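> build me a structure from this.
(chains A, B and C)
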Amino acid sequence: MATEATEAATEAATEDATPTRIPVDVERGLEAILMIADEPQSVVRLATALERTVAEVRTALERLVADYDGVAGTVRRGFELREVGGGWRFYVRGEFDSVVHDFSLAQSPTRLTQAALETLAVIAYKQPISRGAIASIRAVNVDSVVRTLLGRGLVTEAFSDPETGAIHYATTDLLLTQLGINSLDELPHISPLLADGSNGFDDAR
Amino acid sequence: MATEATEAATEAATEDATPTRIPVDVERGLEAILMIADEPQSVVRLATALERTVAEVRTALERLVADYDGVAGTVRRGFELREVGGGWRFYVRGEFDSVVHDFSLAQSPTRLTQAALETLAVIAYKQPISRGAIASIRAVNVDSVVRTLLGRGLVTEAFSDPETGAIHYATTDLLLTQLGINSLDELPHISPLLADGSNGFDDAR
Amino acid sequence: MALSLSPAKPSVDSTDAPAEAVGFSVSLRNFNGPFDLLLSLITKHELDITEISLSQVTDEFISYLRTLDSAEELDQATEFLVVAATLLDLKVVGLLPQGELVDAEDVALLEARDLLFARLLQYRAFKEASAWFATGLDAEASRQFRSVPLEEKYRRQTPELVWTLTPEDFAAIAMLAFTPRELPSVGLDHLHAPLVSIREQAAFVVAMLRSGEPMTFRQLIAGADRKGVIVARFLAVLELYRGALIGFDQLEPLGELTIRWTAESFSDDSLANLGADYGN
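Residues are numbered from 1 along each chain as shown, chains lettered A, B, ... in the order given. Just a heads-up that it's a prediction; the model follows:
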């Protein structure tokens, strides 16, 4: 017991000696990051974010994999952690594929809603355009609709505004294919009267 | 210790004894679905996807929350499961918000002005309500503020009065989500005395 | 009846008290409409609304005005005037001390005062509720939730989109999306029946003053037989002042208001925009 206490004290002292370091358990920090990261994360990037060594992070990742796989008496989770293409990401565990498949089918109707179509049209004629700008034209929040369009591959993230960080969206070739045209220039002109009055009609096609 | 082991064994036996049951543990199925869902999922939808009763799913969700929170000797995870805006989804545990900040693409929206907040409060408590009625409570024109709230997706057009054509506004689930609550019932009660000056104080929440 | 409603004296430390409550300027910069203004005044003076002294408020405002120098501040002050005047117009009778309760008219006035009081309390309740909204929104804004693209293998399984639109259909949808969604304007009509056009009254005031002779407001409203006309004419004066077309002198608070024409150039076009804020 005494030894344990001493060890704990030593650890605490070490922690104190580096006061800037965030006292985050590596595994918990990894769970937090991987839960919201939208693409696979390299070990280096994870280590940087957590201010740990690559080796520490690698070990922690291995422990997490084992944890979720239920190999050491833990619960075998519905998700798993996998390294794919040099990055780590949460995936649905293979044996739940059918459940998830049915679910995602139910989530993706085969037709776009009127709201999605209108948003797509705004993006097509005003691209590249930020979500905020779309929202102000449509006078509604368009976040989830834009996500649907992204998911459908009809629009893509063109760039982020370096100052505001706002992502600007553009349409994809898939939209052209669906419309049966070869370039955006073939989109019918729309009445200039109805375009945004603020900055002329140069960019309305 | 011995007791625990026995219990575990009994549990396992029980599982084996029901071979016809779809071999998807509700909790694991929930983990799988919530890992891919990109918006909060209602209990009903989850129950449908998993072909279980709402009650079963609700219980399973409670157990998962406790599991991730580490209340029963389990590991307190870097993520948590929260019901917000009437749906469940994975969140980064609050204390890790700073760690994940760099990984988050979500731009936190600019803060609402005092005028917008007050108008939002009026709509929340008095919905559905027309702009005229809001303006009369606030004693100022609220057009541009309502437009802002519409653009943010915090309020929506509920219906138009068939006679006057006045649009009536209501709050959205996004507002609940952004407030971190599940239903309008969770709004704080405002003193009945203060509710409505014009026609008595009957309809105060 | 009436006065039974007045137990709630707003306290100074209530959440709606301006944080940097120094002087009139604060109320001016933060005010958010007439109720807001009145509320902050009441808070500041720890006054029951039924006891509020309009002359005291006016005094303070006028002394504040004297300290103004920049045009921007003047503009703000003018906005304040418009709003304050609207409020006064709205319920001035209700606010002013009425003395003995003697006849039915007095009872009606007291009821009007009661109504205003109730509405003010209501406004205050929502204002306080808004603090709860601000806290909730702030707390939740920092929270991060999982919202990541579907795994590739599931994405590939998503059913094909059924697409039937021609480019022309698509353009029609675009037209629809770009059509401005009209929010019909709501003026201050609800505060006083829009029977009188401020623009018309402004035209009248302009005609009266343009010849050069200063006139008192009393003279300007001589012969006006309806309260609405007087109010509109007063608002017209404020609007003209805001447009830097007239100036006025008032030697003492609540004293005679003398108005003179100061515009160097004026066209009838300038009239067109007057009163636009009021929807008429």
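> A:Val100: neighbour count?
Neighbours of A:Val100 under the rule other C-beta atoms under 10 Å in any protein chain shown: 24. C-beta: built from backbone N, CA, C; applies to glycine.
> does it really touch B:Leu30, like I thought?
No - assessed by C-beta atoms under 8 Å, A:Val100 is found out of contact with B:Leu30, at 11.1 Å.
> the residue of the stretch 1-150 of chain C found nearest chain A: neighbour count?
Closest residue of the stretch 1-150 of chain C to chain A, C-beta to the nearest C-beta: C:Val148 (4.4 Å). As a burial measure, C:Val148 scores 19 neighbours (other C-beta under 10 Å).
> C:Gly212 too?
For C:Gly212, using other C-beta under 10 Å, the count is 7.
> wait, a strand at it?
No - under the criterion used here (DSSP: H, G, I helix; E, B strand; the rest coil), C:Gly212 is coil, not part of a strand.
> show me where chain A has strands.
Using DSSP state E, the strands of chain A run over residues A:79-84, A:87-92, A:129-130, A:155-160, A:167-171.
> JSON lines for the ones you listed, including mean pLDDT?
Shown next, in JSON lines, are these (pLDDT from 0 to 100):
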{"stretch": "strand A:79-84", "mean pLDDT": "92"}
{"stretch": "strand A:87-92", "mean pLDDT": "92"}
{"stretch": "strand A:129-130", "mean pLDDT": "92"}
{"stretch": "strand A:155-160", "mean pLDDT": "90"}
{"stretch": "strand A:167-171", "mean pLDDT": "93"}
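> mean neighbour count and distance to chain C added to those, as a markdown table?
Below are the strands of chain A laid out as a markdown table (neighbours: other C-beta atoms under 10 Å in any protein chain shown; distance: least, C-beta to the nearest C-beta, whole Å):
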| stretch | mean neighbour count | distance to chain C |
| --- | --- | --- |
| strand A:79-84 | 17 | 10 |
| strand A:87-92 | 21 | 6 |
| strand A:129-130 | 20 | 12 |
| strand A:155-160 | 16 | 11 |
| strand A:167-171 | 21 | 11 |
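> and B:Val44, which of the ones you listed is closest to it?
Closest of the strands of chain A to B:Val44 is strand A:87-92, at 21.2 Å (criterion: C-beta to C-beta).
> that closest one packs against which elements?
Strand A:87-92 is packed against helix A:26-36, strand A:79-84, helix B:26-36, with contacts defined by 3 or more C-beta pairs under 8 Å, 6 or more residues apart in numbering or on different chains; DSSP states H and E.
> to A:Glu163, which of the ones you listed lies closest?
Nearest of the helices and strands packed on strand A:87-92 to A:Glu163, taken as C-beta to C-beta: helix A:26-36 at 23.8 Å.
> skip the chain neighbours and tell me the closest residue to the residue of chain A found nearest chain B.
Relative to chain B, the nearest point of chain A is A:Asn141 (2.2 Å; C-beta to the nearest C-beta). Excluding the flanking residues, the one nearest A:Asn141 by C-beta to C-beta, 6 or more residues apart in numbering or on different chains is B:Gly153, at 2.2 Å.
> could you look up the SS state of C:Asp249?
Classification of C:Asp249 using three-state DSSP returns strand.
> so it sits against C:Tyr241, correct?
No - using C-beta under 8 Å, C:Asp249 is not in contact with C:Tyr241; the gap is 11.9 Å.
> these two: which is more packed in?
C:Tyr241 (18 against 12).
> the nearest residue to A:Thr119 once chain neighbours are set aside: how many residues sit nearby?
Spatial nearest neighbour of A:Thr119, chain neighbours left out: A:Val145 (4.7 Å); criterion: C-beta to C-beta, 6+ apart. Residues within reach of A:Val145, counting by other C-beta under 10 Å, total 22.
> A:Val145 contacts A:Ala121, correct?
No - contact criterion C-beta under 8 Å: A:Val145 and A:Ala121 do not qualify, at 11.6 Å.
> find residues that contact each of those two.
Common neighbours of A:Val145 and A:Ala121, using C-beta atoms under 8 Å, 6 or more residues apart in numbering or on different chains, do not exist here.
> poorly predicted segments of chain A, please.
A:1-24, A:191-205 (pLDDT under 70).
> just to revisit the earlier point, and the strands of chain A as JSON lines, adding distance to B:Phe96?
Formatted as JSON lines, the strands of chain A follow (distance: least, C-beta to C-beta, whole Å):
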{"stretch": "strand A:79-84", "distance to B:Phe96": "17"}
{"stretch": "strand A:87-92", "distance to B:Phe96": "15"}
{"stretch": "strand A:129-130", "distance to B:Phe96": "28"}
{"stretch": "strand A:155-160", "distance to B:Phe96": "24"}
{"stretch": "strand A:167-171", "distance to B:Phe96": "24"}
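> between the ones you listed, which gets nearest to C:Ala207?
Here strand A:129-130 is closest among the strands of chain A (C-beta to C-beta), at 50.3 Å.
> close to chain B, is that closest one?
No - judged by C-beta under 8 Å from any C-beta of the partner chain, strand A:129-130 and chain B are separated, with a smallest distance of 10.0 Å.
> list the helices and strands that strand packs on?
strand A:167-171.
> now with 10 Å, please.
Under the contact criterion of 3 or more C-beta pairs under 10 Å, 6 or more residues apart in numbering or on different chains; DSSP states H and E, strand A:129-130 touches strand A:155-160, strand A:167-171.
> could you give the angle of the first one to strand A:167-171?
Strand A:155-160 runs at 140 degrees relative to strand A:167-171, counting by axes from the mean of the first three to the mean of the last three C-alpha atoms, to 10 degrees.
> centre of the chain versus strand A:155-160, how much separation?
Taking C-alpha atoms, centre = their mean, to the nearest Å, one finds strand A:155-160 lying 13 Å from the centre of the chain it belongs to.
> direction included, what does that strand pair up with?
strand A:167-171 (antiparallel) (DSSP bridges).
> quick one on the thing from earlier: now the residue of the stretch 1-150 of chain C closest to chain A: how far from A:Leu150?
Applying C-beta to C-beta, to the nearest Å, the value for C:Val148 to A:Leu150 is 12 Å.
> if we can go back for a sec, test my guess that the residue of chain A closest to chain B contacts B:Leu150.
Yes - A:Asn141 lies in contact with B:Leu150 (C-beta atoms under 10 Å); the separation is 7.9 Å.
> ok, how many other residues are close to C:Ser265?
Using other C-beta under 10 Å, the number of residues around C:Ser265 comes to 6.
> what mean pLDDT does the helix or strand harbouring C:Ala134 get?
Using DSSP states H and E, C:Ala134 maps to helix C:104-141. Per-region confidence: helix C:104-141 scores 75 on mean pLDDT.
> now the element after that helix, going C-ward?
Taking DSSP H and E, what comes next after helix C:104-141 is helix C:152-157.
> close to chain B, is the next helix or strand after that next one?
Where DSSP H and E defines the elements, the next helix or strand beyond helix C:152-157 is helix C:167-178. No - applying C-beta under 10 Å from any C-beta of the partner chain, one finds helix C:167-178 separated from chain B by no less than 14.3 Å.
> near chain B, anything from the next helix-or-strand element following helix C:167-178?
Following helix C:167-178 in sequence order, the next helix or strand is helix C:198-209 (DSSP H and E). No - on the criterion C-beta under 10 Å from any C-beta, helix C:198-209 is out of touch with chain B, staying 14.8 Å away.
> return the distance of the spatially most central residue of chain A relative to A:Tyr68.
With distances taken as C-alpha atoms, centre = their mean, the residue of chain A nearest its centroid is A:Asp38 (3.0 Å). Counting by C-beta to C-beta, the separation of A:Asp38 from A:Tyr68 is 20 Å.
> which residues does the closest residue to C:Leu209 other than its chain neighbours bridge with?
Nearest-residue entry for C:Leu209: C:Trp261, 4.3 Å, with adjacent residues in sequence omitted and distances by C-beta to C-beta, 6+ apart. C:Trp261 has the following beta-bridge partners by DSSP bridges: C:Ile246.
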